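Asks: Here is the input, now give the coordinates:
(2 chains)
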There are 2 protein chains.
Amino acid sequence: MDEFALIRMLNGPRGHGGGKRSPDDSGVTVGIGDDAAVLRPGSGTELVVSCDTMVDGVHFKPETMTFADIGYKAMASNLSDLAAMGARPRWALVALAAPRSLPADKLQGLYDGLYACAEKYATAIVGGDTTSSPSGLVVTVTVIGEVKQGRALLRSAAQPGDAVFVTGPLGGSAAGLRAMLERREAAGPLELLPERLRPLARAHRLPEPRIQAGQLLAAVEPRQCGALNDISDGLASEAWEIAEASGVTLILHGERIPLMDELREYAAAVQADPLEFALYGGEDYELVGTVRPDYRAELERMFEQAGLRLWFVGEVAAAGEDGTDPAIGVTLIRSEGGVPAPVGKRGYNHFA
Amino acid sequence: MDEFALIRMLNGPRGHGGGKRSPDDSGVTVGIGDDAAVLRPGSGTELVVSCDTMVDGVHFKPETMTFADIGYKAMASNLSDLAAMGARPRWALVALAAPRSLPADKLQGLYDGLYACAEKYATAIVGGDTTSSPSGLVVTVTVIGEVKQGRALLRSAAQPGDAVFVTGPLGGSAAGLRAMLERREAAGPLELLPERLRPLARAHRLPEPRIQAGQLLAAVEPRQCGALNDISDGLASEAWEIAEASGVTLILHGERIPLMDELREYAAAVQADPLEFALYGGEDYELVGTVRPDYRAELERMFEQAGLRLWFVGEVAAAGEDGTDPAIGVTLIRSEGGVPAPVGKRGYNHFA
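Replies: Numbering: from 1, shown residues only, chains lettered A, B, ... in the order given. Below you'll find the predicted structure:
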């Protein structure tokens, strides 16, 4: 099959536009099929743009992800970066380097996953590139969203006194990854896994970007708003990023960090500390942020009204003037009344 | 070195923004260093967005490109897609999957090339991703430009009677590629190559996107404007894309297609037809377009005033109502007065 027929097959009628001017409410003037896409941003908005790559053998293996999972997660991890800025997703581009030997139905599965996630979050796939790869599959997704002018949520906006929150249970993805690798089987339908592993495997394979939570946070009155990050590299690493960008210390309370029951059970079975998965595992794609303490109750009310939840897991303290005592960084109080211990800056790091 | 130190090293002070709000005339509110970049588009414009991937062993080999060349060309080939829409480049993101074994100075060379091209065409690098790759280097660049609302130049806009033009000599890149592969040496400074090969090697290694030409064409009164494409896959393939998108036939005149003297010499030396390089070689990144015949002289005057040139290489004819006699497609009149022969749709095709 030639490259152009392949692009047509993979995108089919789902791809936005056919190279002709075709305005609709997706903001796509020209979609797939010309040298570039032409898009209409809203007025009074800024663009929020990010790209992420998933590499065969690094981000996925046959034991951990189906092709549909790879596609879904490639889109979800990118949309999560938009969520972390409080942006509304609009458009995406998909660049694929695929081995010639990869069967067309696997590629189709990958695209089914990409489109399933894109459509769920109202994101139009408007272009990309398809090339052969002499080695493994590499998928790069670029996403473009919009946020009201001046309302993007930065990791540098935490202030001493802020409350620290997360939007969901952590560590499930890393535990799911470990459990699937231990099974040494090709990844198949989630339903074929033992029931207690399913939520963990789902967290790893089909993460959900917290788009609605991000937009709720971006709608908060700017004075009340703190920092925001998505948890791609583990809570420790993301908290460190907020601490360094904001010049503060984040104090986390171990007993308040939400964990799935299935994670606790799995950790007990493998004699591991469940908190390690939450702090250093990564790929949960929940959000971690801070909010002024006076606004905490109002934010909880807003989330509840929207059918969402927040977990308050710590607070922000000032760092010493010279960055010491307390130093800029992250500390953990493992159980209430305990002594704060420094949390390492580590997380998943591709060049460590 | 860890991933974050690497990103800092590769981008250094050239990267736009440090995760803080820092407005300047680049339109970058937040650059490298947060979950996503935040950008301010102009008013009354549409966005023009494209991405392209370059893969080790497919798009470059040690014999054909230095790391600085890979970076320059990765940016240039993407900006060329913006030129082909008549857009003004604004921002770029760079996603890199690199083997851990790749020395830091090679990566630095790659980034030097990326920045050299980006800065030449006033494009701010605002983000990206850096991951390890268990196999070869894969570089994906995403570019975002702007065009006045409704003024993007589409490949579907050719009309019967239009004149067909190109913006520069063709085939040099493919000849340069072949000549370098025949030498079986690692690519080094262009100056070390025999003088007659340098322009060909330069065309392959350091192509220039025709940004100024594209913007001149986008400024033409819309009624007078035709189709536009950039020549990434050879003139034959790009002319076919215009023909199919516009439902017309393109008639090319072989003797009018501009060729470098060095290409003619090289082709004679290897007993090849120089026109084959122009038609089927690709990666020249010149533009091919059409213009209403009455406007041809005015367009030539505009280009001359801007210090640029156009070569008129053919004309557009209506295809039969059922797409036959003449069929939608491309024909070549090799020498004036000769019989038009059909031109194959082939070009460089990654899945052929």
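Asks: in what helix or strand does A:Arg178 lie?
Replies: Element membership for A:Arg178 (DSSP states H and E) is helix A:172-183.
Asks: Could you pull out the helices in the stretch 1-150 of chain A for me?
Replies: Taking DSSP state H, counting those that start in this stretch as the test, the helices found in the stretch 1-150 of chain A are A:3-11, A:67-83, A:104-120.
Asks: would you list these in CSV and tack on mean neighbour count, mean pLDDT and distance to chain B?
Replies: For glycine as for every other residue, the C-beta is placed from the backbone atoms N, C-alpha and C. Listed next are the helices of the stretch 1-150 of chain A as CSV, based on neighbours: other CB atoms under 10 Å in any protein chain shown; pLDDT from 0 to 100; distance: least, CB to the nearest CB, whole Å:
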stretch, mean neighbour count, mean pLDDT, distance to chain B
helix A:3-11, 17, 72, 5
helix A:67-83, 27, 98, 4
helix A:104-120, 19, 96, 10
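Asks: what packs against the helix holding A:Arg178?
Replies: Contact partners of helix A:172-183 among helices and strands, from 3 or more CB pairs under 8 Å, 6 or more residues apart in numbering or on different chains; DSSP states H and E: helix A:198-205, helix A:261-269, helix A:274-280.
Asks: does any bit of the shortest one sit next to chain B?
Replies: To tie it back to what came earlier, the one meant is helix A:274-280. No - Helix A:274-280 stays clear of chain B (CB under 8 Å from any CB of the partner chain), getting no nearer than 14.3 Å.
Asks: quick one: average confidence on that helix?
Replies: Average pLDDT, helix A:274-280: 96.
Asks: Check stretch A:195-203 too.
Replies: 97.
Asks: List the buried residues for it?
Replies: For stretch A:195-203, the neighbour count (16 or more other CB atoms under 10 Å in any protein chain shown) marks A:Leu197, A:Pro199, A:Leu200, A:Ala201, A:Arg202, A:Ala203 as buried.
Asks: Show the contacting residues for A:Met180.
Replies: The neighbourhood of A:Met180, defined by CB atoms under 8 Å, 6 or more residues apart in numbering or on different chains, consists of A:Glu63, A:Thr64, A:Ala187, A:Leu197, A:Ala201, A:His204.
Asks: what helix or strand is A:Ala243 on?
Replies: helix A:235-246.
Asks: that older thread, need the helices of the stretch 1-150 of chain A in TSV (columns: distance to A:Phe312).
Replies: As requested, the helices of the stretch 1-150 of chain A are exported to TSV (distance: least, CB to CB, whole Å):
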stretch	distance to A:Phe312
helix A:3-11	43
helix A:67-83	19
helix A:104-120	28
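Asks: closest one to A:Thr131 among those helices?
Replies: helix A:3-11 (8.0 Å; CB to CB).
Asks: helices and strands around the closest one, which ones?
Replies: helix A:104-120, strand A:124-132.
Asks: Next, the contact list for the residue in chain A that chain B sits nearest to, please.
Replies: Chain B sits closest to A:Ser135 of chain A, with a gap of 3.1 Å, by CB to the nearest CB. Each residue near A:Ser135 by CB under 8 Å, 6+ apart is listed here: A:Asp56, A:Pro99, B:Pro134, B:Ser135, B:Gly136.
Asks: Any quick PyMOL command for the buried ones out of those?
Replies: A single PyMOL command selects the buried members of these (16+ other CB under 10 Å):
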select buried, (chain A and resi 56) or (chain B and resi 135+136)
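Asks: from the contacts of A:Ser135, which two are the most distant?
Replies: Largest separation among the contacts of A:Ser135 by CB to CB: A:Pro99 and B:Pro134, giving 12.9 Å.
Asks: Isn't A:Leu252 up against A:Gly338?
Replies: No - between A:Leu252 and A:Gly338 there is no contact under CB atoms under 8 Å: 11.7 Å.
Asks: neighbour count winner among the two?
Replies: Each of A:Leu252 and A:Gly338 has its neighbours counted (other CB atoms under 10 Å in any protein chain shown); A:Leu252 has more, 25 against 12.
Asks: Mind telling me what element that one is part of?
Replies: strand A:248-253.
Asks: Could I get the buried residue list for that strand?
Replies: Buried, per 16+ other CB under 10 Å, within strand A:248-253: A:Val248, A:Thr249, A:Leu250, A:Ile251, A:Leu252, A:His253.
Asks: That strand: partners in the sheet, and parallel or antiparallel?
Replies: Under the criterion DSSP bridges, strand A:248-253 sits next to strand A:311-318 (antiparallel), strand A:329-333 (parallel) in its sheet.
Asks: Grab the nearest non-local neighbour of A:Phe303.
Replies: With sequence-adjacent residues excluded and distances taken as CB to CB, 6 or more residues apart in numbering or on different chains, A:Phe303 is closest to A:Leu310, at 5.1 Å.
Asks: what's around that neighbour, how many residues?
Replies: 23.
Asks: I figured it hits A:Met302, correct?
Replies: No - the criterion here is CB under 8 Å, and A:Leu310 misses it with A:Met302 at 9.2 Å.
Asks: The residue lying closest to A:Pro169 once chain neighbours are set aside and A:Ser237, how far apart?
Replies: Of all residues not flanking A:Pro169 in the chain, A:Pro258 sits nearest, at 4.3 Å (CB to CB, 6+ apart). Applying CB to CB, to the nearest Å, the value for A:Pro258 to A:Ser237 is 18 Å.
Asks: Settle it for me: which of those two has more neighbours?
Replies: The neighbour comparison of A:Pro258 against A:Ser237 (other CB under 10 Å) goes to A:Ser237, with 23 against 17.
Asks: Could you double-check that that one lies in contact with A:Arg346?
Replies: Yes - using CB under 8 Å, A:Ser237 is in contact with A:Arg346, at 6.9 Å.
Asks: Overlap of the contact sets of these two?
Replies: A:Tyr280.
Asks: and stretch A:326-340, which residues are buried?
Replies: The neighbour-count check on stretch A:326-340 (16+ other CB under 10 Å) flags A:Pro326, A:Ile328, A:Gly329, A:Val330, A:Thr331, A:Leu332, A:Ile333, A:Pro340 as buried.
Asks: Within range of chain B, give me the residues from the stretch 151-300 of chain A.
Replies: Residues of the stretch 151-300 of chain A lying near chain B (CB under 8 Å from any CB): A:Ala152, A:Leu154, A:Arg155, A:Ser156, A:Leu228, A:Asn229, A:Asp230, A:Ala245.
Asks: which SS state does the fourth one fall under?
Replies: On the three-state scheme (DSSP: H, G, I helix; E, B strand; the rest coil), A:Ser156 is labelled coil.
Asks: That one and A:Ala227 touch, don't they?
Replies: Yes - using CB under 8 Å, A:Ser156 is in contact with A:Ala227, at 6.7 Å.
Asks: Tell me which of these two has more neighbours.
Replies: Taking neighbours as other CB under 10 Å, A:Ser156 and A:Ala227 compare with A:Ala227 leading, 29 against 19.
Asks: Quick one, grab the pLDDT at the more buried one.
Replies: pLDDT, A:Ala227: 97.
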